[in-house]
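[1] Sequence unavailable; structure follows:
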């Protein structure tokens, strides 16, 4: 009955994130206006980060708002061009530089199409668990590496230096070599923009500081004719004309893009899940991460058809929507309408925006995703995971970005596997005067029963650790002495058992029984583990009356009669 009730509470498949919009028009309108003020400079800057025209960033935002409102679940999630994923595919698409800018734009659209398809399938087949492939230390290192790429890539524009080409080491070398030739007016414009955004952010995150800063920089450039003093501006900005078309790329190029699309899709899943869970709706329902993956998939597909590039959920913009009273996707639709208006009629206003100001916006974003406090906390609490974070940072920063991200995912998975393989057998003792059995602890006095060995294993039992489990159990039996008669496995922490582990466990039970011991299992609470032991025939090997609800029950029934 509860499940049916939950099903009735689910939002409609189409436009479910617009629910309750009529009751929150004022809040959504205010949130939409604030979101637009933040999104306009941010989408322009992110587009420039990937060497795309500002109009492409506007198209990406408009397409994302329309598609996610139709298919997504979250009422507050803001989707659009994102500085986390743009350096990943911008660096990879740079390998196609000989194809020319127009073809690279087509490749970016095809990449968005592939990412959208993967996300859509991920949502339909409920692959939300993919979002958990990256641990927090790995995610922190990954974002720090991306921040370094942004900073190194944008500092030349920030200082008025010629842009450098090549990998990060060549760009750093060129930056050090040319730093003395910076353009003072450009550096002043960039520094003033960055300082204004930082100060305004500390006063209130609701202040659309990037928009105000860019407007002031454009006005100063025009008023003092700074373009004549070497300050580079956007120049003519093409009008936004949304239209639908398929990217023109070859099948061979699609195959080359597929691996990159998978990496970006995983990063989008990770960031979407984290953002959705951090900013739940007011309805009280649990966030529907899988449905939001469908919404992000649709957003990427429409962005591709609009001729733009891959898009992602944005934690900062989503926070702005939540803080300014937004309750539904109407806030994003209002913002998209404002962005469309600027894209259609604001070309002359945008023409004098300095490149240094856009670089300052991106440097601010880089500083925000370089989570120094989180790094310090990780380093103070776990040296192993700090090393993992540092390795991820170095990999993402030093290698081609898509390679570094792939390595970050691999490192996170290896760490998860390593953590599982570290699980070892532990001894249990009974608390004095109680029926509770507890892992051995020097700070808690415990007692044992003569002839009884109680052990536990605090991890899923799988091919990764099954043989070590068997070895540890044999060693424990050997050290228990000649009076041992009964062995009880406290299995409350064994939530899963695979085929290999079940086979090893069955063999161990047979060996112990042949040696004259009685083997029992207590507190096997996991339904999956119970089903596995039944399916693989381990319970038949264990025998009748050898599975108990508690260790105390097992020892009371078997200790006096072992062996039988």
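    Looks like it arrived, so ask away. On a predicted model such as this, the values are computed, not experimentally measured, just so you know.
[2] Quick one: end-to-end length of stretch 392-408, please.
    5 Å (C-alpha to C-alpha, to the nearest Å).
[3] would you list every one of the strands in the chain?
    79-80, 312-313, 425-430, 437-439, 452-457, 486-490, 518-522, 547-548 (DSSP state E).
[4] Neighbouring strands of the last one in the sheet, and parallel or not?
    The one in question is strand 547-548. If you go by DSSP bridges, strand 547-548 pairs up with strand 518-522 (parallel).
[5] Just the mean pLDDT for the partner strand, thanks.
    Across strand 518-522, pLDDT averages out at 96.
[6] got the angle for that strand vs strand 486-490?
    Strand 518-522 runs at 20 degrees relative to strand 486-490, counting by axes from the mean of the first three to the mean of the last three C-alpha atoms, to 10 degrees.
[7] now the angle from strand 518-522 to strand 425-430?
    Using the same axes, to 10 degrees: strand 518-522 against strand 425-430 is 80 degrees.
[8] So which residues make contact with strand 518-522?
    Strand 518-522 has contacts (C-beta atoms under 8 Å, 6 or more residues apart in numbering) with 485-491, 508-509, 512-513, 542, 546-551, 553-554, 558, 562-564. Any C-beta I mention is one placed from the backbone N, CA and C, and that applies to glycine too.
[9] hmm, which of the residues you listed are the buried ones?
    Neighbour-count burial (16 or more other C-beta atoms under 10 Å) is assigned, among the contacts of strand 518-522, to 485-491, 508-509, 512, 542, 546-548, 550-551, 554, 558, 562.
[10] show me where pLDDT drops low in the stretch 401-550 of the chain?
    Across the stretch 401-550 of the chain, nothing is flagged by pLDDT under 70.
[11] how about a cut-off of 90?
    For the stretch 401-550 of the chain, the stretches flagged by pLDDT under 90 are 401-423, 432-434, 441-446, 481-483, 543-544.
[12] if you go through it in chain order, where are the helices?
    Listed in chain order, the helices found in the stretch 401-550 of the chain under DSSP state H, counting those that start in this stretch are 401-421, 466-479, 499-514, 527-535, 538-542.
[13] possible to save those as a markdown table with distance to residue 243?
    A markdown table is the format used below for the helices of the stretch 401-550 of the chain (distance: least, C-beta to C-beta, whole Å):
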| stretch | distance to residue 243 |
| --- | --- |
| helix 401-421 | 30 |
| helix 466-479 | 58 |
| helix 499-514 | 54 |
| helix 527-535 | 51 |
| helix 538-542 | 62 |
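[14] of all these, which lies closest to residue 253?
    For the helices of the stretch 401-550 of the chain, the distance to residue 253 is smallest for helix 401-421, at 15.4 Å, taking C-beta to C-beta.
[15] helices or strands next to that closest one in the packing?
    helix 86-93, helix 136-159, helix 251-278, helix 383-398 (3 or more C-beta pairs under 8 Å, 6 or more residues apart in numbering; DSSP states H and E).
[16] With distance to residue 304, mean pLDDT and mean neighbour count added, can I get those in JSON lines?
    Below are the helices and strands packed on helix 401-421 laid out as JSON lines (distance: least, C-beta to C-beta, whole Å; pLDDT from 0 to 100; neighbours: other C-beta atoms under 10 Å):
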{"stretch": "helix 86-93", "distance to residue 304": "12", "mean pLDDT": "87", "mean neighbour count": "24"}
{"stretch": "helix 136-159", "distance to residue 304": "23", "mean pLDDT": "90", "mean neighbour count": "24"}
{"stretch": "helix 251-278", "distance to residue 304": "11", "mean pLDDT": "90", "mean neighbour count": "20"}
{"stretch": "helix 383-398", "distance to residue 304": "25", "mean pLDDT": "91", "mean neighbour count": "20"}
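[17] Any chance of those helices in TSV with distance to residue 224 as columns?
    Below are the helices and strands packed on helix 401-421 laid out as TSV (distance: least, C-beta to C-beta, whole Å):
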stretch	distance to residue 224
helix 86-93	32
helix 136-159	19
helix 251-278	40
helix 383-398	37
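[18] Pull up the per-residue confidence for residue 353.
    Looking at residue 353, its pLDDT stands at 91.
[19] Name all residues that make contact with the residue nearest to residue 110 when sequence neighbours are not counted.
    Spatial nearest neighbour of residue 110, chain neighbours left out: residue 247 (4.2 Å); criterion: C-beta to C-beta, 6 or more residues apart in numbering. Residue 247 makes contact with 106, 107, 109, 110, 113, 304, 307, according to C-beta under 8 Å, 6+ apart.
[20] Residue 534 versus residue 247, what's the distance?
    For residue 247, the distance to residue 534 equals 52 Å [C-beta to C-beta, to the nearest Å].
[21] Same question for residue 214.
    To residue 534, residue 214 is 65 Å away according to C-beta to C-beta.
[22] again, but for residue 338
    60 Å.
[23] of these two, who's got more company?
    residue 338 (17 against 12; other C-beta atoms under 10 Å).
[24] Count the residues that sit near the nearest residue to that one once chain neighbours are set aside.
    Computed as C-beta to C-beta, 6+ apart, the closest residue to residue 338 that is not its neighbour in sequence is residue 36, at 3.7 Å. By the criterion of other C-beta under 10 Å, residue 36 has 24 neighbours.
[25] is it true that residue 36 touches residue 333?
    No - between residue 36 and residue 333 there is no contact under C-beta atoms under 8 Å: 10.6 Å.
[26] residues bridging contact with these two, i.e. touching both?
    With the criterion set as C-beta under 8 Å, 6+ apart, the contacts of residue 36 and residue 333 do not overlap.
[27] contacting residues for residue 208?
    Counting by C-beta under 8 Å, 6+ apart, residue 208 has contacts 34, 37, 38.
[28] residue contacts, residue 237?
    So residue 237 contacts 53, 54, 55, 346, 347, 350, 351 (C-beta under 8 Å, 6+ apart).
[29] cool, and residue 526?
    491, 494, 495, 496.
[30] Show the backbone phi and psi for the second one.
    When quoted as degrees, to the nearest 10, the phi and psi of residue 494 stand at phi -90, psi 90.
[31] so how far is residue 466 from it?
    Look at residue 494 and residue 466: by C-beta to C-beta, they are 11 Å apart.
[32] which of these two has more neighbours?
    residue 494 (28 against 22).
[33] Isn't the more buried one up against residue 524?
    Yes - taking C-beta under 8 Å as the definition, residue 494 is a contact partner of residue 524 at 7.0 Å.
[34] hey, where'd the helices end up in the stretch 101-250 of the chain?
    Under DSSP H, counting those that start in this stretch, the stretch 101-250 of the chain gives helices at 101-124, 136-159, 168-178, 184-203, 209-223.
[35] which strands and helices sit next to the first one?
    The criterion is 3+ C-beta pairs under 8 Å, 6+ apart, and the helices and strands that helix 101-124 contacts are helix 86-93, helix 251-278, helix 289-305.
[36] for those helices, which one sits closest to residue 16?
    Among the helices and strands packed on helix 101-124, the nearest to residue 16 by C-beta to C-beta is helix 289-305 (7.8 Å).
[37] helices and strands around that closest one, which ones?
    Helix 289-305 packs on helix 54-71, strand 79-80, helix 101-124, helix 251-278, strand 312-313, going by 3+ C-beta pairs under 8 Å, 6+ apart.
[38] any chance of those in TSV, plus distance to residue 479?
    Putting the helices and strands packed on helix 289-305 into TSV (distance: least, C-beta to C-beta, whole Å) gives the following:
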stretch	distance to residue 479
helix 54-71	60
strand 79-80	59
helix 101-124	49
helix 251-278	45
strand 312-313	54
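[39] Out of the ones you listed, flag the one nearest residue 504.
    The minimum distance between residue 504 and the helices and strands packed on helix 289-305 falls on helix 251-278, with 32.6 Å, by C-beta to C-beta.
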